[in-house]
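> Predicted model and sequence follow; I will ask about them next.
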Amino acid sequence: MSDRQTLPALAVRDLSVHFQHQGAVTEAVRHLSLDLFRGETLALVGESGCGKSTTGRSLLKLVAS
């Protein structure tokens, strides 16, 4: 059985992270979904401030999602 036919090691569905500060809401991550299977590597690449670190922190439950 190939790795693709097994369950993913990490499955994320519709991850969104919002921050509220002084009445304004900032949407840091919007509707992210992904599957990461055993043996695969994931790289989050993007511009500064696009939500890479917030995504990682959310997956580690260091920020509320």
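Here it is on my side, so go on. Residues are numbered from 1 along each chain as shown.
> so the residue most central in space within the chain is in which element?
Centroid-nearest residue in the chain: Thr55, 4.0 Å away (criterion: Cα atoms, centre = their mean). Take DSSP states H and E as the rule and Thr55 turns out to sit in helix 52-59.
> Likewise for Asp35?
Using DSSP H and E, Asp35 falls in strand 24-36.
> Mind giving me the packing neighbours of that strand?
strand 10-21, helix 52-59 (3 or more Cβ pairs under 8 Å, 6 or more residues apart in numbering; DSSP states H and E). For glycine as for every other residue, the C-beta is placed from the backbone atoms N, C-alpha and C.
> looking at these, which is closest to Leu34?
strand 10-21 (5.0 Å; Cβ to Cβ).
> count of residues packed around Lys52?
Here the number of neighbours of Lys52 (other Cβ atoms under 10 Å) works out to 15.
> and what of the one 5 residues further on?
The local packing of Arg57 (other Cβ under 10 Å) involves 16 other residues.
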